[in-house]
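Undergrad: Return atomic coordinates for the entry below.
(2 chains)
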Amino acid sequence: MKLVVERCGPLVTVQDRGRRGHAHQGVPASGPLDREAFDAALAAVGGHDDDAAIEIPLNGARFRIEGTVLCSIDGETPREVQDDVVEVPAHARAVRYLAVRGGIDVPIVLGARATLPNAGFGGHEGRPLRRGDRLSIGEGGSVAPRFGRPLLLSDEISVRPTHDADPTTLAAFFATTHVVDPRSDRVGTRLQPSTPLSGPARQGERLSRPIVVGAIQLPPDGHPIVIGPDGPTTGGYDLLGVLDRGARSRLARVRPGGRIRFRSA
Amino acid sequence: MIAPLGDEAVEITATDATHARRLARAIERVDGVLEAVVGWDRVVAHLIDPERQLSVLSALESLLEGPLPALAADAPAREHVVRVVYDGPDLRELADACALSIDELARRHAQPTYVVEVIGFLPGFAYLGGLDPSLVRPRRATPRPRVAPLSVAIAGPRTAIYPLPSPGGWNLVGRAVDCLPFAPDRSPPCFFSVGDRVRFVIEGIVG
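TA: Residues are numbered from 1 along each chain as shown, chains lettered A, B, ... in the order given. Here you go, the predicted model:
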């Protein structure tokens, strides 16, 4: 069985739950931007925990299935597709997932099937998908389809402040409305606060520190960046706080230009 | 000091890079810790399961009350020799800024035995400490959109080899020969580990 790409935007990738445990080698975890939507899609086709699916940001995509396979988008009621087209339309949520029963069968690299385009490995040939790519679908799983909670849109995202965050900057960060910058990607979600934030004045170059997915960095220009699944494992800017997995999923759903606020968890 | 970093990690303060390495060796053995990532003044422990953050926090507190095992007892540091052709696009500018000839800059860069202090930024990117103080220069004001892989670079008191093509703001002095800092299908994928020693040998100078 095959999945053929008929139409897709620039950043459609194969993702699984990612390769945690390699940050000490400088390797980001990768994995889905919206873990809850990914999990919902996988569960709806009775997928296994380590199955891979297709992540489709922003503009939707169209695929052709060769063979017969159970498909679900974002955990919606699955349908059996036989030698037919699967259209994934754009949605109010910024990122969508197409899961197929049996999973997308790409090689496991460093313990995962997730694509890391910046380093050129994982997924399909280490790169985002493009028109004409033919991906193999694995043998069907034996797990029964499961359905979970609906995926909600939220304009308020909770943050766990870091222990050394500057209290004044943090207060300003929570007080302002932020617009999701269209330059955001899997490395980081860039935010445009209605008033740029000013961090504590510092001299010279700073020591980088190990950071995590969901960490909110504050560069000198006052525009915060939330570190994404393909983001660097160390960073030299001040940290304001960290988004947990649920908060990261909710942030990933906000389309570029969308307005959000943050609150302390 | 020990503090949560989000719900999936814990941050532990260290006095310096050597202390951070010793801490990391002990921390990665704590039940519930997936891996320990070393920084210059701290270690971040990634957790297997966020639900167990409290128990890991208390396990780390007990760990830090006792003496840390010495580094040499676990694994002796490895030493790597990397050949470098000094022909980087910033070589002339850097030599001028340091008031050195290009030959002298290369000689001073290839003189020390460096220590891998931290791995981060990119897969396999090793921050090497021990740069000759006369070669210390800030990053470039404007980063390059693409630095060629295997570029040997200087920024602040450190030098490094870019493992992959990437944007970068470091001063490029040369390129490493016959060196593969990162290969995802190799085990381990990283050529360098934190604590390893690295020496550079001048393969050529093209100024």
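
Undergrad: Now for chain A, the helix or strand with the poorest mean pLDDT.
TA: strand A:234-235 (a mean of 92; mean pLDDT, DSSP states H and E).

Undergrad: That strand packs against which elements?
TA: Strand A:234-235 sits against strand A:209-210, with contacts defined as 3 or more C-beta pairs under 8 Å, 6 or more residues apart in numbering or on different chains; DSSP states H and E. Heads up, the C-betas are built off the backbone N, CA and C, glycines and all.

Undergrad: Each with direction, which strands does the very next helix or strand once past the strand it packs on pair with?
TA: Proceeding N to C from strand A:209-210, the next assigned helix or strand is strand A:215-218, under DSSP states H and E. Based on DSSP bridges, the pairing partners of strand A:215-218 within the sheet are strand A:225-227 (antiparallel), strand A:238-242 (antiparallel).

Undergrad: Give me the contacts around the longest one.
TA: Same thing as strand A:238-242. A:159-162, A:164-166, A:169-170, A:173, A:199-200, A:209, A:211-212, A:214-218, A:224, A:262, A:264, B:5-7, B:9 (C-beta atoms under 8 Å, 6 or more residues apart in numbering or on different chains).

Undergrad: Just the buried ones from those residues, in PyMOL syntax?
TA: To isolate the buried ones among the contacts of strand A:238-242 in PyMOL, judged by 16 or more other C-beta atoms under 10 Å in any protein chain shown, type:
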select buried, (chain A and resi 159+160+161+162+165+166+169+170+173+199+209+211+212+214+215+216+217+218+224+262) or (chain B and resi 5+6+7+9)
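
Undergrad: Can you name the residues bridging to residue A:134?
TA: If you apply DSSP bridges, the partners that residue A:134 bridges to are residue A:4.

Undergrad: residues touching it, list them.
TA: Counted by C-beta under 8 Å, 6+ apart, residue A:134 has contacts A:2, A:3, A:4, A:5.

Undergrad: one more time with 10 Å, if that's ok
TA: Counting by C-beta atoms under 10 Å, 6 or more residues apart in numbering or on different chains, residue A:134 touches A:2, A:3, A:4, A:5, A:64, A:66, A:124.

Undergrad: out of those residues, who's nearest residue A:150?
TA: Comparing the contacts of residue A:134 against residue A:150 with C-beta to C-beta places residue A:3 closest, at 26.1 Å.

Undergrad: Would you mind stating the distance between that closest one and residue A:117?
TA: 19 Å (C-beta to C-beta, to the nearest Å).

Undergrad: More neighbours: those two, which one.
TA: residue A:3 (25 against 18; other C-beta atoms under 10 Å in any protein chain shown).

Undergrad: I figured the more buried one hits residue A:104, correct?
TA: Yes. Counting by C-beta atoms under 10 Å, residue A:3 touches residue A:104, with 6.8 Å between them.

Undergrad: Overlap in contacts, the two.
TA: Common neighbours of residue A:3 and residue A:104 (C-beta under 10 Å, 6+ apart) are A:14, A:54, A:98, A:129, A:135, A:136, A:137.

Undergrad: Quick check on those residues: which are buried?
TA: By 16+ other C-beta under 10 Å, the shared contacts of residue A:3 and residue A:104 give A:14, A:54, A:98, A:129, A:135, A:137 as buried.

Undergrad: Go through those and say which is closest to chain B.
TA: Distances from chain B to those, taken as C-beta to the nearest C-beta, are shortest for residue A:14 (15.0 Å).

Undergrad: in which helix or strand would I find the closest one?
TA: Assigned by DSSP H and E, residue A:14 falls in strand A:13-15.

Undergrad: after that strand comes which helix or strand?
TA: helix A:35-44.

Undergrad: That next one and chain B in contact?
TA: No. With C-beta under 10 Å from any C-beta of the partner chain as the criterion, chain B is not reached by helix A:35-44; the gap is at least 11.6 Å.

Undergrad: Let me have the strands paired with strand A:215-218 in CSV, adding distance to residue B:122 as columns.
TA: Formatted as CSV, the strands paired with strand A:215-218 follow (distance: least, C-beta to C-beta, whole Å):
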stretch, distance to residue B:122
strand A:225-227, 14
strand A:238-242, 20
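
Undergrad: Would you tell me which of those strands gets closest to residue B:191?
TA: Of all the strands paired with strand A:215-218, strand A:225-227 comes closest under C-beta to C-beta, at 25.2 Å.

Undergrad: give the contact list for the most centrally placed residue in chain A.
TA: Centroid-nearest residue in chain A, with C-alpha atoms, centre = their mean: residue A:33, separated by 1.1 Å. Taking C-beta under 10 Å, 6+ apart, we find residue A:33 in contact with A:11, A:13, A:15, A:55, A:57, A:94-95, A:97, A:184-186, A:189, A:213, A:228-230, A:248-249, A:251-253.

Undergrad: Filter those residues down to the buried ones, PyMOL style.
TA: The following PyMOL line selects those of the contacts of residue A:33 that are buried, judged by 16+ other C-beta under 10 Å:
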select buried, chain A and resi 11+13+15+55+57+94+95+97+184+185+186+189+213+228+229+230+248+249+251+252+253
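
Undergrad: Also near chain B: which of the contacts of residue A:33, exactly?
TA: Among those, chain B is touched by A:213, A:248 when using C-beta under 10 Å from any C-beta.

Undergrad: Now do the strands in chain B.
TA: B:2-5, B:9-13, B:33-38, B:42-47, B:79-86, B:114-119, B:126-129, B:144-147, B:151-155, B:158-161, B:166-168, B:171-177, B:197-205 (DSSP state E).

Undergrad: I'd like the contacts of residue A:134 laid out as a markdown table, including pLDDT.
TA: Formatted as a markdown table, these follow (pLDDT from 0 to 100):
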| residue | pLDDT |
| --- | --- |
| A:2 | 97 |
| A:3 | 98 |
| A:4 | 98 |
| A:5 | 98 |
| A:64 | 98 |
| A:66 | 98 |
| A:124 | 98 |
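
Undergrad: top of the residues you listed by neighbour count?
TA: Within the contacts of residue A:134, residue A:3 tops the neighbour count with 25 neighbours, counted by other C-beta under 10 Å.

Undergrad: list the contacts for it?
TA: A:14, A:54, A:63-67, A:69, A:71, A:81, A:86, A:98, A:100, A:104-105, A:129, A:133-137.

Undergrad: gap between stretch B:165-178 and the chain center?
TA: Distance of stretch B:165-178 from the chain centroid (C-alpha atoms, centre = their mean, to the nearest Å) equals 14 Å.

Undergrad: So what would you say the end-to-end distance of it is?
TA: 16 Å (C-alpha to C-alpha, to the nearest Å).

Undergrad: Please point out which parts of that stretch sit buried.
TA: Of the residues in stretch B:165-178, those buried (16+ other C-beta under 10 Å) are B:165, B:166, B:168, B:170, B:171, B:172, B:173, B:174, B:175, B:176.

Undergrad: restrict those residues to contacts with chain A.
TA: Filtered for proximity to chain A (C-beta under 10 Å from any C-beta), those shrink to B:165, B:166.
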